[in-house]
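In: Let me see the structure of the following:
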Amino acid sequence: NQKWRAACARLQEVAMESILQSPSVHSVVLASWFARVAFLPDREPFTKAFHDTVDRLLAAGKQVVIVYPVPELGSRVSVAPGGIHGNSNRIKSVSQPTREFLTTTQVAFDWLDGLGDRKNLVRIYPHNLLCDDLNCYASRENQGYYFDSHHLSLSGAELFAPLFDSVLFIERNDLVIEAP
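Out: Numbering: from 1, shown residues only. Purely as a prediction, here's the structure:
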């Protein structure tokens, strides 16, 4: 029984109503540490709340973008000063076997797939940019993609920007922006 729970729920509802009522919000991106869904002792309440959220957004005519899990490289990426650079300017080669990533995130993928196929529901799969048939990489060509074990660096975020371009930056004939 957390004292903050009611205030948090109220804040969430105010935020949701603001999004639902705003004509300028066309797309909503839902990203989280979805791989942790596998460790919930009782997924049902969380699943219901998540599905209800998506349903409300779609019913309001919003495009909902679901970002699937990003490979987590755990202790493979140093969080010591220098991060994956170590003590030199050259980035260490750090990777996770693709098969391991897909196995450890299968529950999350299945859980997100449980939303079904619906109009205006878009899925983004970041691992398609970080993984090949053998490995998921924390770096390539001396470009580090992670800030720590599970947070992307600016380079990592820039790598994913094109995935969002096609779903977030759509031409809107009804949107007029006037210069000041």
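
In: Send me stretch 149-165 as CSV with only the CA atoms.
Out: Extracted as CSV, the C-alpha positions of stretch 149-165 are listed here (Å, rounded to 0.1, in the frame of the first residue of the first chain):
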residue,chain,number,x,y,z
SER,A,149,24.3,-1.8,-20.2
HIS,A,150,20.8,-0.9,-21.4
HIS,A,151,20.6,2.8,-22.3
LEU,A,152,21.4,4.0,-25.7
SER,A,153,24.0,6.7,-26.3
LEU,A,154,23.4,9.7,-28.5
SER,A,155,25.0,7.7,-31.4
GLY,A,156,22.6,4.8,-30.6
ALA,A,157,19.6,7.1,-30.6
GLU,A,158,20.7,8.6,-33.9
LEU,A,159,21.0,5.2,-35.4
PHE,A,160,17.3,4.6,-34.6
ALA,A,161,16.0,8.0,-35.8
PRO,A,162,15.1,6.7,-39.3
LEU,A,163,12.9,4.1,-37.8
PHE,A,164,10.7,6.8,-36.4
ASP,A,165,10.8,9.1,-39.5
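
In: pLDDT on that stretch, on average?
Out: For stretch 149-165, mean pLDDT rounds to 84.

In: separation between residue 4 and residue 48?
Out: 21 Å (Cβ to Cβ, to the nearest Å). C-beta coordinates here come from the backbone N, C-alpha and C atoms, glycine included.

In: typo on my end, residue 6
Out: Residue 6 is 19 Å from residue 48, by Cβ to Cβ.

In: what does residue 139 give?
Out: Residue 139 is 39 Å from residue 48, by Cβ to Cβ.
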